[in-house]
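> Sharing a model that was predicted from the sequence below.
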Amino acid sequence: MAAVVLVHLGFDDRVWPLLAFAPDPSLRNLIIHYLGKLGRVHNTLFTQLRREENDSIRRALIQSLGGLNAA
């Protein structure tokens, strides 16, 4: 949850590396899930998606966008 709050507060540079593929995907999966539940971050996710070069992080961002609540 702390990572999602950091994105919401604008300290997202610390969070994006956590979305990279890792042998234990637990943290990555939780961040993806909760980013999608936290409204008002869609612009941040879209912006990072355009900037991001790491394919596994791009996939996580797309998954997060797919979980966004319609608001």
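Looks like it came in fine.

> Going along the chain, name the helices of this structure.
All helices of the chain, identified by DSSP state H, fall at 2-9, 26-37, 42-51, 55-66.

> closest to Leu19 out of these?
helix 55-66 (3.8 Å; CB to CB). Every residue, glycine included, has its C-beta placed from N, CA and C.

> hmm, back to that, now the helices of the chain as CSV including mean pLDDT and mean neighbour count?
Shown next, in CSV, are those (pLDDT from 0 to 100; neighbours: other CB atoms under 10 Å):
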stretch, mean pLDDT, mean neighbour count
helix 2-9, 86, 15
helix 26-37, 89, 16
helix 42-51, 90, 14
helix 55-66, 92, 17
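
> Including distance to Trp16, could those helices go into CSV?
What follows is those, written out as CSV (distance: least, CB to CB, whole Å):
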stretch, distance to Trp16
helix 2-9, 9
helix 26-37, 10
helix 42-51, 6
helix 55-66, 6
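
> among those helices, which is nearest Val15?
helix 2-9 (4.7 Å).

> which strands and helices sit next to the closest one?
helix 26-37 (3 or more CB pairs under 8 Å, 6 or more residues apart in numbering; DSSP states H and E).

> Show me what the helix it packs on is packed up against.
Against helix 26-37 (3+ CB pairs under 8 Å, 6+ apart) you get helix 2-9, helix 55-66.

> elements contacting the longest one?
It refers to helix 55-66. helix 26-37, helix 42-51.

> Nearest to Ala2, out of those?
Here helix 26-37 is closest among the helices and strands packed on helix 55-66 (CB to CB), at 9.8 Å.
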